[in-house]
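*Asks:* Coordinates for the following, if possible.
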Amino acid sequence: MALNAREHRAHLLATLRLQYPDIRSDRGVHLLDPATGDPFADDQHHLVATCRVTMGFALGALVDGPQWCSETAAHALEALETAHRGNETDGYQLLVDGNGDPIDRTRSAYAHAFVLGAYARATAANVAGARSGLEDSVTVLDERFVEANGLFRSDCDPDWSEREPYRGMNANMHACEGYLAAYEATDDERFLERAETIAHRITIDLAAETDGLLWEHYTDEWTHDFAYNEDRPADRFRPPGYLPGHHAEWAKFLGLLDRYGASPPSGTDWYRRATELFEAAVDLGWTGDGFVYTADADGEVLVPDRYGWALAEAIGASAVLAERAVAHDDPEAETFRDWHEQFLECVPRFRGPAGLWYERRTAPADGDEPIAPDPPAVEPDYHPATAWYESFRSAALVEQQR
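*Replies:* Numbering: from 1, shown residues only. Below you'll find the predicted structure:
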């Protein structure tokens, strides 16, 4: 079945409309409970959540959505600048209360990657002040996180001293995402080159040591740390092992590198490598009713819970790869479209009564029940929104090629 741009645009705007206007608070954003549609009770604002709201509603503006899309993106961006940045000379507070006072002043590499993405999407959506904020965020990243190899170091205390001798794939993946968004917003080649550098190091160089798969954790010398967090398999941000959802997410980003003509890696190309990672995601984690969370170095499932964000990333990846297959005159385009349809059939399992997505469900053998997110909430249906956006623009590109 062909991708349908109009249908996916409607899905994106519906996802945002379910949250507007309740997602807005006086000093930032309120994330909503998928079961009730009400704001979560805790009055805490996570930097990642604020950035994701900015990004999601900016995407609504980019598909010519209603005025409230750009207005909500601007509102969230203001919270990013006033509550999370405040009077700090550089860096952003990880967690603030309802008054904008800091609860956790960690300088998180993962969260700062989303700051880049928020300013990039807001720039593309013509939110006032976003372009200068983008350059400012790039300066913070350059001065505080980016190392000589082009990759991000890890979390720091407020004085910018490192917390542990650790390097993470997840933070770097979202930095790649942010740089891609910055390139889309500005056409500045330096951002594409930075995304390419990160992607090459993570998905080509380091993956060569793990049979092409993407391990999550490394030492500060970028050697694989196979024991990191092995006693915390369901950790929210740093689970051990291989994550099928991250393989799908990387497949999407490599597909975008191919779309934008980034310099291909030696011996392969970005499209071919993207298809390998997509296949790995399916092989590692697809069950027919969702994706498992994580598997160990031997491919054995560590956490069988089904995660909504992983499904959303697979939707986006299959759409991008279907479009790239058409561009390369590859008959596998139909295969990717079939996967896209199969993933879409699974979406109702993750929608709560309020229409928003549950973060995760237990496996059918464990009860097949939704699991409430740990506070503070960080998922304003950002992953579904990006899935619909990538499906929309991939479909639009295919339609242009007909």
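*Asks:* Tell me, how many residues neighbour Ala208?
*Replies:* Other residues near Ala208 number 9, with proximity taken as other CB atoms under 10 Å. For every residue, glycine as well, the C-beta is placed using N, CA and C.
*Asks:* Let the chain start at 11 from now.
*Replies:* Sure, I'll start numbering at 11, so the last one becomes Ala218.
*Asks:* and it, how far is that from Trp170?
*Replies:* 32 Å (CB to CB, to the nearest Å).
*Asks:* Let me see the ranges of the strands in this protein.
*Replies:* Here the chain has its strands, by DSSP state E, at 34-35, 38-39, 54-56, 105-107, 112-114, 176-178, 227-229, 302-305, 311-317, 370-371, 380-381.
*Asks:* other SSEs contacting the last one?
*Replies:* Put plainly, it is strand 380-381. strand 370-371 (3 or more CB pairs under 8 Å, 6 or more residues apart in numbering; DSSP states H and E).
*Asks:* and the strand it packs on, which strands flank it?
*Replies:* strand 311-317 (antiparallel), strand 380-381 (antiparallel) (DSSP bridges).
*Asks:* For Glu351, find the nearest of these.
*Replies:* strand 311-317 (18.5 Å; CB to CB).
*Asks:* Outside of the closest one itself, list whatever touches it.
*Replies:* Contact partners of strand 311-317, identified using CB atoms under 8 Å, 6 or more residues apart in numbering, comprise 243-244, 249-251, 255, 295, 297, 299-306, 359-360, 369-373, 375-376, 381.
*Asks:* and the closest residue to Ala320 other than its chain neighbours, how many neighbours?
*Replies:* Distance criterion CB to CB, 6 or more residues apart in numbering; nearest residue to Ala320, sequence neighbours excluded, is Gly255 at 2.9 Å. By other CB under 10 Å, 24 other residues sit near Gly255.
*Asks:* Now for Asn239: which residues touch it?
*Replies:* For Asn239, the contacting residues are 227, 245, 248-250, by CB under 8 Å, 6+ apart.
*Asks:* try 10 Å this time
*Replies:* 226-227, 245, 247-251 (CB atoms under 10 Å, 6 or more residues apart in numbering).
*Asks:* what stretches of the stretch 11-160 of the chain score poorly on pLDDT?
*Replies:* Low-confidence segments of the stretch 11-160 of the chain, defined by pLDDT under 70: 11.
*Asks:* gap between Val156 and Leu331?
*Replies:* Note on Val156: its distance to Leu331, by CB to CB, is 29 Å.
*Asks:* Of these two, which one has the most company?
*Replies:* Between Val156 and Leu331, counted using other CB under 10 Å, Leu331 has the larger neighbour count: 30 against 19.
*Asks:* if I pick the more buried one, what's in contact with it?
*Replies:* By CB under 10 Å, 6+ apart, the contact list for Leu331 reads 258, 261-262, 264-265, 268, 281, 284-285, 287-288, 340, 342-343, 345-347, 349-350, 404.
*Asks:* from these, which would you call buried?
*Replies:* With burial judged by 16 or more other CB atoms under 10 Å, the buried subset of the contacts of Leu331 is 258, 261-262, 264-265, 268, 281, 284-285, 287-288, 340, 343, 345-347, 349-350, 404.
*Asks:* circling back: let me have the strands of the chain in a markdown table, extended by mean neighbour count and distance to Gly277.
*Replies:* Below are the strands of the chain laid out as a markdown table (neighbours: other CB atoms under 10 Å; distance: least, CB to CB, whole Å):
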| stretch | mean neighbour count | distance to Gly277 |
| --- | --- | --- |
| strand 34-35 | 16 | 49 |
| strand 38-39 | 26 | 45 |
| strand 54-56 | 24 | 41 |
| strand 105-107 | 20 | 44 |
| strand 112-114 | 14 | 43 |
| strand 176-178 | 20 | 25 |
| strand 227-229 | 18 | 23 |
| strand 302-305 | 24 | 27 |
| strand 311-317 | 20 | 31 |
| strand 370-371 | 20 | 37 |
| strand 380-381 | 18 | 42 |
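*Asks:* Just put these in JSON lines and tack on distance to Val137.
*Replies:* Converted to JSON lines, those look like this (distance: least, CB to CB, whole Å):
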{"stretch": "strand 34-35", "distance to Val137": "15"}
{"stretch": "strand 38-39", "distance to Val137": "15"}
{"stretch": "strand 54-56", "distance to Val137": "19"}
{"stretch": "strand 105-107", "distance to Val137": "21"}
{"stretch": "strand 112-114", "distance to Val137": "25"}
{"stretch": "strand 176-178", "distance to Val137": "29"}
{"stretch": "strand 227-229", "distance to Val137": "35"}
{"stretch": "strand 302-305", "distance to Val137": "34"}
{"stretch": "strand 311-317", "distance to Val137": "30"}
{"stretch": "strand 370-371", "distance to Val137": "32"}
{"stretch": "strand 380-381", "distance to Val137": "34"}
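*Asks:* closest one to Pro275 among the ones you listed?
*Replies:* In terms of CB to CB, the element of the strands of the chain nearest to Pro275 is strand 227-229, at 19.5 Å.
*Asks:* these two touch, right, Phe346 and Gly326?
*Replies:* No. Taking contacts as CB atoms under 10 Å, Phe346 lies outside contact range of Gly326: 11.5 Å.
*Asks:* Give the residues shared as contacts by those two.
*Replies:* Joint contacts of Phe346 and Gly326 (CB under 10 Å, 6+ apart) are 265, 404.
*Asks:* roughly how far apart are the closest residue to Trp280 other than its chain neighbours and Ala337?
*Replies:* With CB to CB, 6+ apart as the criterion, Trp280 has its nearest non-adjacent residue at 3.9 Å, and that residue is Asp268. Distance, Asp268 to Ala337, using CB to CB: 8 Å.
*Asks:* can I get the CA coordinates of stretch 70-82 in PDB?
*Replies:* Only the C-alpha atoms of stretch 70-82 are listed here, as PDB (Å, rounded to 0.1, in the frame of the first residue of the first chain):
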ATOM      1  CA  GLY A  70       2.800  20.900  13.300                       C
ATOM      2  CA  ALA A  71       3.700  24.400  12.000                       C
ATOM      3  CA  LEU A  72       5.900  22.900   9.300                       C
ATOM      4  CA  VAL A  73       2.900  21.000   7.800                       C
ATOM      5  CA  ASP A  74       0.900  24.200   7.800                       C
ATOM      6  CA  GLY A  75      -1.100  23.300  10.900                       C
ATOM      7  CA  PRO A  76      -3.300  25.800  12.800                       C
ATOM      8  CA  GLN A  77      -1.800  28.900  14.400                       C
ATOM      9  CA  TRP A  78      -1.800  27.200  17.800                       C
ATOM     10  CA  CYS A  79       1.000  24.900  16.600                       C
ATOM     11  CA  SER A  80       3.500  27.700  16.200                       C
ATOM     12  CA  GLU A  81       2.200  29.500  19.300                       C
ATOM     13  CA  THR A  82       2.700  26.400  21.500                       C
END
